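> Build me a model from this:
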Amino acid sequence: AADKINLIPQDFFAELCEQIIQHLNHKIPGVNTTELCQRMQTSGIDINVGDLEKVANTISFLFSTAARNSLSTEELVATLGSALSTLPKHAVQVIRHVWNEQGKSISASEDASTATVGQFVDIKWKLGVAMSSDTCRSLKYPYVTVMLKVADPSGRITDKSFEMTIPQFQNFFRQFKEMAAVLETV
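Got it, this is the predicted structure:
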């Protein structure tokens, strides 16, 4: 991951580290590497989402391990000692600064990387009507498209989309009403 960190300018690397700390503190559901990668590419940085995710996982492991071992800023930088020759100076400065400012707030007992399920981030939906196809001239077939944003246990945010017929949507809605009714009794 060190060679990929070299590609990331200091401001983007700082933003990535801040998001990782916020994720480990359960303040945000995950690190949106797709959105950050798109902004980096727009700025002319040649990096792909997979490489950025590797960097994010490495930094997340670094911070969560440092929290688990209650490392001070100087102990963390000393631990990075062997990597200092491969890590760019700006990356070490950002890690030092972010850990110094916010590292103490990470609770080792609530390490987000131990979670086993994803977390809901957002939902969008749209109603559509298929008017025709190459095999049928007049469909007029309504459907609902649902787009979910979910953060997996490592914090990576992914989009999931699916379509439902109206009867499927009505069943989906009915199940949500049942969940809501059960939640009201809790």
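
> since we're on the closest residue to residue 152 other than its chain neighbours, how many residues are nearby?
Spatial nearest neighbour of residue 152, chain neighbours left out: residue 118 (4.8 Å); criterion: Cβ to Cβ, 6 or more residues apart in numbering. Heads up, the C-betas are built off the backbone N, CA and C, glycines and all. Using other Cβ atoms under 10 Å, the number of residues around residue 118 comes to 19.

> In what element of secondary structure is the residue of the chain most remote from its centre found?
Here the centre of the chain is the reference, and by Cα atoms, centre = their mean the most remote residue is residue 137, at 42.8 Å. Counting by DSSP states H and E, no helix or strand carries residue 137.

> residues in contact with stretch 88-101?
5-6, 8-10, 13-14, 17-18, 21, 59, 62-63, 66, 73, 76-77, 80, 84 (Cβ atoms under 8 Å, 6 or more residues apart in numbering).

> Against residue 175, how distant is residue 182?
According to Cβ to Cβ, to the nearest Å, residue 182 stands 11 Å off from residue 175.

> What of residue 146?
In terms of Cβ to Cβ, residue 146 sits 13 Å off from residue 175.

> Residue 127 contacts residue 141, doesn't it?
No. Assessed by Cβ atoms under 8 Å, residue 127 is found out of contact with residue 141, at 11.8 Å.

> So for these two, which residue has more residues nearby?
In terms of neighbours (other Cβ under 10 Å), residue 141 is the more surrounded of residue 127 and residue 141; the figures are 14 against 10.

> which residues does the more buried one bridge with?
residue 130 (DSSP bridges).

> related to what we said a few turns ago, give me the more crowded residue out of residue 146 and residue 175.
residue 146 (15 against 10).

> So the more buried one belongs to a helix, correct?
No. Applying DSSP: H, G, I helix; E, B strand; the rest coil, one finds residue 146 to be strand, outside a helix.

> mind checking pLDDT for it?
pLDDT for residue 146: 92.
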